[in-house]
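**Student:** Below are the sequence and a predicted model; questions follow.
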Amino acid sequence: METETTYLELSDGKSHKFYEVTINDVEVKVRYGRIGDAGKTTVTAYDTTQKAQAEVTKLVNSKLKKGYERANKGNRTKQPISRGDRRLARLNHLRRTGWKPLIKPTVDAPFASKYLGKPWLSSGTNYPHCSGCGDALNFHFQLNLQELPDSLQDKLGTGLFQLFSCFSCYVQFPQIVALPESATPTPPEPEISAEDAASLSTWTPYVIQTCGIDDFHGRYMLQIVGWQPFDDYPFFEEAQETYGTEYSEYEEMLIFHVDASDCEYYEEDDPDRPTLTDVQLAWDRTADKLSGWGYWGQQVEHQYCRLCGQPMQLFYQLGQGIEYEGNTGLDYDRDNLLLVFQCAEHKDEFSCYGSAF
């Protein structure tokens with residue numbers, strides 16, 4: 001018989017753990033532990049396939065009775081526990097992992113995950129133009145899908161994702177293009193000349209603060225050299241309308257609005273006093289991020305695949321900008337976030353939504 005796996009999770013405010021059972025002929029493997037950990041594994045062999053299947057059914061039913069629920073594996077990442085985590089434990093069923101891009105300015109490279117620089121185009125391919133006005137499109141960013149975090153590998157497709165926009169027609173053009181067989185990974189620490197290093201010290205803060213205006217015409221890029229995971233939560237209206245969960249005023253502050261000044265209203269020994277971790281988690285809601293939840297701004301408008309009609313997942317959020325050495329920018333539209341959605345089944349199908357404030 002084919003290998004079959006049942007994956008369960010329990011998040012009840014006190015626990016945040018998983019239980020996985022895999023059957024392969026007469027062999028039953030059980031893996032369990034805290035979500036984000038590798039967990040412990042036991043393997044037992046039975047006399048017959050029927051006995052093995054009966055044991056799997058018994059184990060799964062036992063966990064379901066204890067409050068475990070069937071879930072999709074791999075969409076959350078273990079995070080350090082803070083007081084904020086415990087205060088938000090009631091919302092564990094809504095928690096997803098988002099990924100903050102970590103950037104480094106350097107000389108442009110064709111296959112890198114990057115902001116700015118030049119998009120890679122296959123030999124003989126013309127630079128894309130708007131189908132409406134005919135003008136050359138503006139290049140936003142590019143992701144090498146083979147270099148995403150391990151938990152997202154193969155879930156978002158393969159090749160290079162590229163996003164273009166027409167600023168005249170207010171239309172976005174997302175696409176995935178295949179990588180050539182000759183493509184090589186971009187080193188996170190490429191060697192650059194002293195002249196380029198000097199130019200980058202001026203170029204980097206300038207392009208970030210001026211919404212990506214690039215006077216060097218694609219010679220340099222802001223390379224995405226890594227991804228920082230964080231626990232992400234849905235916009236409060238989406239939590240209420242889609243999942244029937246209402247945030248308390250305090251929970252909403254912890255998720256979206258807490259900043260350093262909020263700490264001043266609490267005594268040092270107050271268990272509800274926001275921590276620096278709480279402040280760090282809060283800003284990520286509207287910043288640039290990969291996966292997680294989209295920040296809707298005004299109202300929730302779910303996007304659906306035109307081919308299968310299924311709701312689409314958040315692919316990327318171009319938000320209130322990226323951060324580098326105290327500079328925050330690449331804010332392409334200062335009043336909006338751009339949410340890019342992807343169909344989980346048809347990975348070449350995208351939808352872009354401007355989330356206005």
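**Tutor:** Received it, and whenever you're ready, just let me know what you need.

**Student:** Spatially nearest residue to Lys66 (excluding sequence neighbours)?
**Tutor:** Leu10 (7.2 Å; Cβ to Cβ, 6 or more residues apart in numbering). Bear in mind the C-beta positions are built from the backbone N, C-alpha and C, glycine included.

**Student:** Could you grab the helix/strand/coil label for the one you found?
**Tutor:** Under DSSP: H, G, I helix; E, B strand; the rest coil, the three-state class of Leu10 is strand.

**Student:** Tell me the pLDDT of it.
**Tutor:** What the model reports as pLDDT for Leu10 is 80.

**Student:** What's opposite it in the beta bridge?
**Tutor:** Leu10 forms beta bridges with Lys17, as assigned by DSSP bridges.

**Student:** list the contacts for it?
**Tutor:** Leu10 makes contacts with His16, Lys17, Phe18, Tyr19, Lys63, Lys66, Gly67, Tyr68, Glu69, as judged by Cβ atoms under 8 Å, 6 or more residues apart in numbering.

**Student:** And for Leu330?
**Tutor:** With Cβ under 8 Å, 6+ apart, Leu330 has these contacts: Tyr115, Val207, Ile208, Cys211, Gly212, Leu222, Asp288, Leu318, Gly321, Ile322.

**Student:** Okay, now the unreliable bits of the stretch 201-350 of the chain?
**Tutor:** 210-215, 280-284, 326-329, 331-335 (pLDDT under 70).

**Student:** one more time with 50
**Tutor:** Residues of the stretch 201-350 of the chain that meet the criterion pLDDT under 50 are absent altogether.

**Student:** Now do the strands for it: every range, in order, please.
**Tutor:** Counting by DSSP state E, counting those that start in this stretch, the stretch 201-350 of the chain has these strands, from start to end: 220-232, 289-290, 313-318, 322-324, 327-329, 336-342, 350-356.

**Student:** Dump these to JSON lines, plus mean neighbour count.
**Tutor:** Output for the strands of the stretch 201-350 of the chain, formatted as JSON lines (neighbours: other Cβ atoms under 10 Å):
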{"stretch": "strand 220-232", "mean neighbour count": "21"}
{"stretch": "strand 289-290", "mean neighbour count": "24"}
{"stretch": "strand 313-318", "mean neighbour count": "24"}
{"stretch": "strand 322-324", "mean neighbour count": "19"}
{"stretch": "strand 327-329", "mean neighbour count": "16"}
{"stretch": "strand 336-342", "mean neighbour count": "22"}
{"stretch": "strand 350-356", "mean neighbour count": "18"}
